[in-house]
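**Q** Any chance you can model this:
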Amino acid sequence: MIGIYTDNFYRLLCAVVSIVIFAKAGCIHAAESTKLTPLRLAYSAITVNQAIPWIALDAGHFKKHGLDVELIHASSITALQALLAGEVAIAQSVTDACVSANLSGADTLFMSAILDKPLYSFIVNPRIKTPQDLKGKRVGVTRFGATPDALARAMLKMWNLDPQTDVTMVQLNEMGLLVQGLVNNVIDAAPISLPSNIRAKNLGYVELFDMTKIGKTYITGTVVTRRRFIDGQRDTAKRFMRGFLEGMKTYLEDEEFSVKIIQKWTRAKSRDEVKEAYAIQAKHMLRIPRTSIDGVKTILEGMDKLPGAKSADPRRFVDFTILDELDKEGFLRTLYKN
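**A** Numbering: from 1, shown residues only. As a prediction, the model looks like this:
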């Protein structure tokens with residue numbers, strides 16, 4: 001009797017142990033199967049054209065595609081340096097810095113761009129009535145070499161003003177600080193993007209020129225990476241782009257959620273200003289972020305003094321093959337049902 005009991009007990013014990021082992025194995029397998037791939041992205045400004053990664057992250061789109069995305073705020077130059085050092089895989093909206101780095105021999109390129117025109121206003125002190133009134137004045141930019149700097153110089157040249165001699169260029173680091181610079185009389189004018197340009201106008205400053213009407217294709221809201229990431233980590237790159245595209249869809253189709261997220265990340269005090277900025281970008285945003293190569297040509301024209309800029313083939317600065325593959329697989333067609 002004791003032997004039978006012992007034998008039965010032993011069998012029961014073995015069964016229990018087996019169940020525990022398989023249960024643990026199942027848990028380990030489940031944990032491994034849901035393990036997320038880390039990916040770091042640097043975004044270069046507190047502006048609405050940076051909003052897609054914020055929305056994709058907070059809506060869970062990146063996680064859905066197996067990515068643990070960390071968003072890091074840095075200036076455009078710092079973001080590019082982090083990209084080149086391998087500290088981040090992607091840099092958001094370091095547009096002009098991407099092109100200049102490529103011209104210097106780096107493998108930086110555009111994976112996508114959500115806009116083909118700059119959603120900027122050239123904002124001035126009310127005392128300035130015409131572009132010629134800018135002569136002798138102070139023009140603010142975020143960082144030298146960043147997109148606002150390139151746009152400011154392009155506008156000044158369009159108005160037959162020399163950025164080197166006719167005005168004083170002032171670097172103020174952040175888009176929000178350009179508005180503060182106007183308020184504190186540190187600068188007289190600046191190219192300012194959404195939503196800060198709306199804030200500036202509500203404070204009484206004047207839009208001298210709506211830069212969406214510049215008359216040229218100019219890519220902004222770019223996703224910048226390196227050739228080695230696209231070629232060496234292609235699966236991760238594709239999963240990122242799926243999440244990014246779903247973030248774009250959410251932006252275009254869910255205003256309430258998008259405005260909430262933009263206000264959270266920009267820390268904007270006025271919901272009305274965020275809603276206005278959201279609507280302006282939604283009007284101009286590309287549904288599929290494969291912009292025209294002409295936008296790269298415009299950037300190169302503004303860099304004509306850099307070695308190799310005039311003769312550079314603009315196609316070398318873009319790689320839309322991830323988008324092409326997703327399109328071929330049917331992902332883009334299923335993204336928007338209408």
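
**Q** neighbours around residue 327, how many?
**A** As a burial measure, residue 327 scores 15 neighbours (other C-beta atoms under 10 Å). Where C-beta positions appear, they are placed from N, C-alpha and C, glycine not excepted.

**Q** What residues does it make contact with?
**A** Going by C-beta atoms under 8 Å, 6 or more residues apart in numbering, residue 327 touches 288, 333.

**Q** Using the three-state scheme, assign it.
**A** helix (DSSP: H, G, I helix; E, B strand; the rest coil).

**Q** who's in contact with the residue nearest to residue 220 when sequence neighbours are not counted?
**A** Nearest non-adjacent residue to residue 220, counting by C-beta to C-beta, 6 or more residues apart in numbering: residue 115, 4.6 Å away. Contacts for residue 115 (C-beta under 8 Å, 6+ apart) come out as 49, 219, 220, 221, 281, 284, 285, 286, 291.

**Q** Inside strands: which ones of the residues you listed?
**A** 220, 221 (DSSP state E).

**Q** Would you state the strands of the chain in chain order?
**A** 37-43, 67-73, 90-92, 108-115, 120-124, 138-141, 168-171, 189-193, 206-210, 220-226.

**Q** Tell me the strands beside the fifth one, with direction?
**A** What that stands for is strand 120-124. Strand 120-124 sits in its sheet next to strand 189-193 (antiparallel), strand 206-210 (antiparallel), going by DSSP bridges.

**Q** the inter-axis angle of that strand versus strand 220-226?
**A** 120 degrees (axes from the mean of the first three to the mean of the last three C-alpha atoms, to 10 degrees).

**Q** now do the fourth one
**A** Going by the same axes, to 10 degrees, strand 108-115 is angled at 160 degrees with respect to strand 220-226.

**Q** CA atoms only for strand 108-115 - export them in CSV, please.
**A** Extracted in CSV, the C-alpha atoms of strand 108-115 (Å, rounded to 0.1, in the frame of the first residue of the first chain):
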residue,chain,number,x,y,z
THR,A,108,22.7,60.2,-44.6
LEU,A,109,19.5,60.2,-46.6
PHE,A,110,15.7,60.8,-46.5
MET,A,111,13.5,57.7,-45.9
SER,A,112,10.4,59.9,-46.3
ALA,A,113,9.0,63.4,-45.9
ILE,A,114,5.4,64.3,-44.9
LEU,A,115,5.4,67.8,-46.5
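
**Q** can you list the weak-confidence ranges in the stretch 201-338 of the chain?
**A** Counting by pLDDT under 70, the stretch 201-338 of the chain has low-confidence residues at 338.

**Q** Which stretches in it count as helices?
**A** Using DSSP state H, counting those that start in this stretch, the helices of the stretch 201-338 of the chain run over 227-232, 234-253, 255-266, 271-284, 294-302, 321-328, 331-335.

**Q** now for those, which one comes closest to residue 198?
**A** Comparing the helices of the stretch 201-338 of the chain by their distance to residue 198 (C-beta to C-beta), the top pick is helix 271-284, with 4.7 Å.
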